[in-house]
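Trainee: could you work out the structure for the sequence below:
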Amino acid sequence: MARRTSQRGADRGARRRRLPMRYLLPSLILLALMAMLMLRGFVHSEILADHRVQSPAASDRVPEEILEGGPVIDTRSGREESRNVPDRRLVLTFDDGPDPKWTPKVLDVLKKHDAHAVFFVTGTMSSRHPDLVKRMVDEGHEIGLHTFNHPDLSLQSKSRIDWELSQNQLALTGAAGIRTSLFRPPYSSQAGAMDNRSWPVTEYIGSRGYITIVNDTDSEDWRKPGVEKIIQNAMPKGGNGAIVLMHDSGGDRSQTVAALDRFVTGLQDDGYRFDTLTAALKAPSAHTEVNGLDLWKAKAWVLAVQASENTTSVLVVGLAIIGVLVLARFGLMLLLSVLHARRVRRRGFSWGPAITEPVSVLVPAYNEAKCIEQTVHSLVASDHPIEVIVIDDGSNDGTARIVENMRLPNVRVVRQLNAGKPAALNRGVANARYDLIVMMDGDTVFEPSTVRELVQPFGDPSVGAVAGNAKVGNRDSLIGAWQHIEYVMGFNLDRRMYDMLNCMPTIPGAVGAFRRSALKRVGGMSDDTLAEDTDITIAMHRDGWRVVYAENARAWTEAPESVQQLWSQRYRWSYGTMQAIWKHRRAIIEKGPSGRFGRVGMPLVSLFMVLAPLLAPLIDVFLIYGLVFGPTGQTIAAWFGVLVVQAVCAAYAFRLDKERMTHLLSLPLQQILYRQLMYVVLLQSWITALTGGRLRWQKLRRTGAVGLPGAAGPGTPQQATDRSPVG
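Mentor: Next up, the predicted model:
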């Protein structure tokens, strides 16, 4: 006995420790996307960058020979030496690159004149554009370090300086397979400008094995003073050699490129040579080839950066797509909903002759003991003549017996072995007496006018099916309020739009009506998909029938009351929708009504019900990134802009449905959390579809909380007191 108890405890512990794949995989993907964004922010100097610049200081602690010496400063192994470039030798240096636009132009000019230069590259740019660094080396130019993030090193700690150097070398090695011993501090000038704050940094740089390179002449091209002024600033004096400072990155360098061409041409004609630094000084190359593990680490770094660049580029495109889709959908919903409301609410509007003939109402039920009595009572109170057929689909909780014991007129029970909802509905159709058939769920209640309002569109002989107005009855919890917003805004406002476009994708299972002849022509309800309501609706369109929306045919349904149950329901819906789209894919290439729906309705369903929710979490990923790393103000403004558009649509939808606006207070939180849930659901559905998995039907636990509309106000459901869940 003790052994069995301990074994059960171990099994329970194993179950607790196992994270469901539906949570693990989406979480890992979101974390990977955030990691890619973080890496992208790091190499774009949005993370860990320090843009402070030290103010000038005294220079009394800087050795005289340094202040009055040349631009090549060697403090390695305790030295305090400097050197000048020989006469008639010029060393062109370019800072802050490589830049994908301007560096190739600079390299082209140098190649044209057979001139060589030194490029002081940053780690951020080298990581992003390794091919340009490789080209520099291949064409005989020399590379120097310019730190990774371009901070003022006089404001940094020694550990930060080491990090800037090592990361800069890592990027250089990954790009060109070399290391370099040349270094130029950001914001540096000539040797005479060295001060008490920059000199200790120069000494420390030397202790790490680097030679510091400043300049003799500064073109000041970053000021964009014009080509003539750049050439004048860069010109050496009296035949002396010089190290010339220019830039190949950091903004528009068109003036630099134009000045460089004229500068090199003129001075070459005057007998100057343009060499790399070590060639001009007749010193060993500053480059050292890297092999082995260090090389592979560096290449892995560059590959990771390239992956982050490509991934974030795709994310940005995805964000643009989702932004366009969201705004387009809201714009369409608002415009077409206004037109729909004006059409059906105008005085004298009629679908055709009033429908007064009796209607068969089918109620498929599987273990609906908590709900079925309220459902049947609501139907019996209908102001339209009906018969009620409850199809008990193999319930084991006494659902059929409860209905039979009610002994109500025009209410029949049909029993069958458990075969699923489509089979139950087909069984009901076979037993129905009348030509107009209403279908509903066993946990739903109708208002007295629901059936009458639902069947009036059949006055138009082209109408084959009608979608009713499904509403959430148990909206007193936060998750219920969120679904209430979704139903009023996302479903019913959508249906108005789709009605105007004549491509309604789904008749809700909670409240829908069909012509028997239309059902017969399309083969009845199918169990090919888990979204039989979407499947039958698309089949109706393809057969040439109109499917319309009856806004006053209200049905109160019980929405899931936990995240787990909501996930189960939406997983089934999204996977079933994908199945239905795939099943009817040939509609895209067909002619007639089928082709029209295939080329209008199918793309809209795919975009708004599959693609948009799958990409929607990108909004929140970029929101978090923008809040932490900037631009914070623009990020908040953009997010609230989208929220305002959503709020306007939601408010209009609530106004159309005569709902209280107070539930919209939870809209911001709903938008954030719901997106993550829909992302998990859709991603898992895609995985199930791509792997060929078969999702089984998942029965939701009902509470029986939704009762008949009571006297508390029009359209307000009476809440039952017993809220204990049932299986």
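Trainee: any stretches of the stretch 501-650 of the chain with poor pLDDT?
Mentor: Within the stretch 501-650 of the chain, the stretches with pLDDT under 70 are 630.
Trainee: just the helices in it please.
Mentor: Applying DSSP state H, counting those that start in this stretch to the stretch 501-650 of the chain gives helices spanning 516-521, 532-542, 563-583, 592-596, 602-605, 612-615, 617-629, 632-656.
Trainee: what pairs with residue 556 across the strands?
Mentor: Residues in a beta bridge with residue 556, per DSSP bridges, are residue 445, residue 471.
Trainee: burial measure for it, as a count.
Mentor: The number of residues packed near residue 556 is 30, by other C-beta atoms under 10 Å. For the C-beta atoms, the positions are set from N, CA and C on the backbone; glycine is no exception.
Trainee: wait, it sits on residue 441?
Mentor: No. The criterion here is C-beta atoms under 8 Å, and residue 556 misses it with residue 441 at 10.8 Å.
Trainee: could you point out the longest helix of this protein?
Mentor: Determined from DSSP state H, the single longest helix within the chain is helix 292-345.
Trainee: give me every residue that touches the residue positioned nearest the centre of the chain.
Mentor: With distances taken as C-alpha atoms, centre = their mean, residue 618 lies nearest the centre of the chain, 2.1 Å away. Contacts for residue 618 (C-beta atoms under 8 Å, 6 or more residues apart in numbering) come out as 315, 318, 319, 322.
Trainee: any idea how far the third one is from residue 158?
Mentor: Shown here: residue 319 relative to residue 158, a distance of 40 Å by C-beta to C-beta, to the nearest Å.
Trainee: these two - which one has more neighbours?
Mentor: residue 319 (18 against 13).
Trainee: give me the nearest residue to that one, chain neighbours excluded.
Mentor: Of all residues not flanking residue 319 in the chain, residue 618 sits nearest, at 4.8 Å (C-beta to C-beta, 6 or more residues apart in numbering).
Trainee: equivalent analysis for residue 466, please.
Mentor: Nearest residue to residue 466 in three dimensions, chain neighbours excluded: residue 513, at 4.4 Å (C-beta to C-beta, 6+ apart).
Trainee: partners of the one you found in the sheet?
Mentor: Bridge pairing for residue 513 - DSSP bridges - gives residue 438, residue 466.
Trainee: just confirm residue 82 is within a helix.
Mentor: No. Counting by DSSP: H, G, I helix; E, B strand; the rest coil, residue 82 is not part of a helix but strand.
Trainee: can you list the weak-confidence ranges in the protein?
Mentor: Using pLDDT under 70, the chain drops low at 1-23, 25-26, 630, 675, 679, 686, 688-727.
Trainee: please spell out which residue in it sits farthest from the middle.
Mentor: Farthest-from-centroid check, the chain (C-alpha atoms, centre = their mean): residue 238, 61.1 Å.
Trainee: how about that residue, what does it touch?
Mentor: Contacts of residue 238 (C-beta under 8 Å, 6+ apart): none.
Trainee: surely it forms part of a strand?
Mentor: No. If the criterion is three-state DSSP, then residue 238 is coil and not within a strand.
Trainee: how near is it to residue 277?
Mentor: Distance from residue 238 to residue 277, by C-beta to C-beta: 21 Å.
Trainee: which residues in the stretch 1-150 of the chain form helices?
Mentor: 2-17, 21-43, 64-67, 102-112, 123-128, 130-138.
Trainee: list the contacts of the shortest one.
Mentor: The one in question is helix 64-67. Contacts for helix 64-67 (C-beta under 8 Å, 6+ apart): 59, 73, 80, 81, 82, 191, 192, 194, 199.
Trainee: in that helix, what counts as buried?
Mentor: 66, 67 (16 or more other C-beta atoms under 10 Å).
Trainee: same check on the longest one?
Mentor: Neighbour-count burial for helix 21-43, counted by 16+ other C-beta under 10 Å, picks out 22, 26, 30, 33, 36, 37, 39, 40, 41, 42, 43.
Trainee: between these, which sits nearest residue 476?
Mentor: residue 22 (27.9 Å; C-beta to C-beta).
Trainee: what values do phi and psi take at residue 473?
Mentor: phi -90, psi -40 (degrees, to the nearest 10).
Trainee: pretty sure it is touching residue 555, no?
Mentor: No. Counting by C-beta under 8 Å, residue 473 does not reach residue 555; the two are 9.2 Å apart.
Trainee: any common contacting residues for these two?
Mentor: residue 445.
Trainee: who's in contact with residue 636?
Mentor: 626, 627.
Trainee: any idea how far it is from residue 623?
Mentor: Using C-beta to C-beta, residue 636 is found at 8 Å from residue 623.
Trainee: same check on residue 84?
Mentor: 55 Å.
Trainee: hmm, back to that, so can I have JSON lines of the buried residues of helix 21-43 showing distance to residue 484?
Mentor: Formatted as JSON lines, those follow (distance: C-beta to C-beta, whole Å):
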{"residue": "22", "distance to residue 484": "25"}
{"residue": "26", "distance to residue 484": "25"}
{"residue": "30", "distance to residue 484": "27"}
{"residue": "33", "distance to residue 484": "31"}
{"residue": "36", "distance to residue 484": "36"}
{"residue": "37", "distance to residue 484": "34"}
{"residue": "39", "distance to residue 484": "41"}
{"residue": "40", "distance to residue 484": "39"}
{"residue": "41", "distance to residue 484": "38"}
{"residue": "42", "distance to residue 484": "43"}
{"residue": "43", "distance to residue 484": "45"}
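Trainee: which one of those residues is nearest residue 407?
Mentor: Nearest member of the buried residues of helix 21-43 to residue 407, counting by C-beta to C-beta, is residue 22, at 45.3 Å.
Trainee: residues in contact with residue 99?
Mentor: By C-beta under 8 Å, 6+ apart, the neighbours of residue 99 are 125, 129, 248, 249, 250, 253.
Trainee: which of those lies closest to residue 208?
Mentor: residue 125 (21.6 Å).
Trainee: between the helices of the stretch 501-650 of the chain, which one is nearest to residue 681?
Mentor: Per C-beta to C-beta, nearest to residue 681 of these: helix 563-583, 4.6 Å.
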